[in-house]
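>>> quick one, fold the following:
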Amino acid sequence: MRHINEHVVLLRARSEMPASLKLTLDEFGEGWNFIRSSTPKLEKKIQRFGWHLIRTADESRQGGVGTTPQQAISRALELALRRTNRYFNGLEIEHIHLASYPWFVLARLEVCLFRIQQSPVRSLADDALAPSHSIRKNNLPEDAPWLPSALRCDAGSQVDPA
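Okay, the predicted model is just below:
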């Protein structure tokens with residue numbers, strides 16, 4: 001298995017990419033591949049074809065346990081990849097925090113998600129954001145003056161739960 005460290009970049013297998021783009025990939029598993037390139041180099045290559053690498057503002061944090069640091073990192077990365085929404089086709093490991101205990105090693109990863117696409121506009125799928133980020137009509141205050149009228153509830157109207 002490849003040594004996993006900070007700033008490692010992974011791409012979802014079979015992601016749509018520019019046709020002439022040549023990348024050297026190593027298989028990680030679970031439908032993801034390591035790229036033998038840093039994110040800035042990858043972004044420059046993609047931009048030469050008129051495509052765009054769009055990053056999310058949030059970092060995701062995942063943890064893993066193993067008997068060695070690499071095993072713990074690998075398990076944390078597997079969890080991060082399983083929890084990555086299908087909308088995102090890339091991930092970079094930003095930071096790795098390791099804690100060693102007498103019988104195990106705990107790894108905590110901070111990962112940055114990104115999407116490679118032709119359009120310069122970030123178009124999000126409805127389910128791309130985590131549920132905690134989505135707004136549901138029935139969770140909004142009924143009489144808040146700052147709400148757009150389309151989201152306000154009249155005293156007699158019912159809001160269908162989303």
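>>> for my notes, confirm Ser60 occurs in a strand.
Yes: Ser60 sits within a strand when classified using DSSP: H, G, I helix; E, B strand; the rest coil.
>>> would you check that it makes contact with Asn85?
No: assessed by C-beta atoms under 8 Å, Ser60 is found out of contact with Asn85, at 10.2 Å. No exception for glycine: its C-beta is placed from N, CA and C like everyone else's.
>>> same drill for these two, tell me which one is more crowded.
A direct count of neighbours by other C-beta atoms under 10 Å for Ser60 and Asn85 places Ser60 higher, at 18 against 14.
>>> tell me the bridge partners for the residue minimising distance to the centre of the chain.
Nearest to the mean C-alpha position of the chain, by C-alpha atoms, centre = their mean, lies Leu113 at 3.1 Å. Assessed by DSSP bridges, Leu113 has beta-bridge partners Leu91.
>>> could you measure it against Leu106, distance?
As for Leu113, its distance to Leu106 is 23 Å (criterion: C-beta to C-beta, to the nearest Å).
>>> any buried residues in stretch 21-34, and which?
Residues Phe28, Trp32, Asn33, Phe34 are the ones in stretch 21-34 that count as buried (16 or more other C-beta atoms under 10 Å).
>>> number of nearby residues for the nearest residue to Pro18 once chain neighbours are set aside?
With C-beta to C-beta, 6 or more residues apart in numbering as the criterion, Pro18 has its nearest non-adjacent residue at 3.6 Å, and that residue is Phe49. As a burial measure, Phe49 scores 13 neighbours (other C-beta under 10 Å).
>>> Phe49 contacts Leu23, correct?
No: taking C-beta under 8 Å as the definition, Phe49 is not a contact partner of Leu23, at 11.8 Å.
>>> okay, and the common contacts of Ser60 and Asn85?
Leu113 (C-beta atoms under 8 Å, 6 or more residues apart in numbering).
>>> residues in contact with the longest helix seen in the chain?
In the chain, taking DSSP state H as the definition, the longest helix is helix 69-82. Applying C-beta under 8 Å, 6+ apart, the external contacts of helix 69-82 come out as 1, 3-4, 10, 28-32, 60, 62-66, 91, 93, 96, 98, 100, 104-109, 111.
>>> isn't the residue nearest to the centre of the chain right up against Arg55?
Yes: using C-beta under 8 Å, Leu113 is in contact with Arg55, at 7.5 Å.
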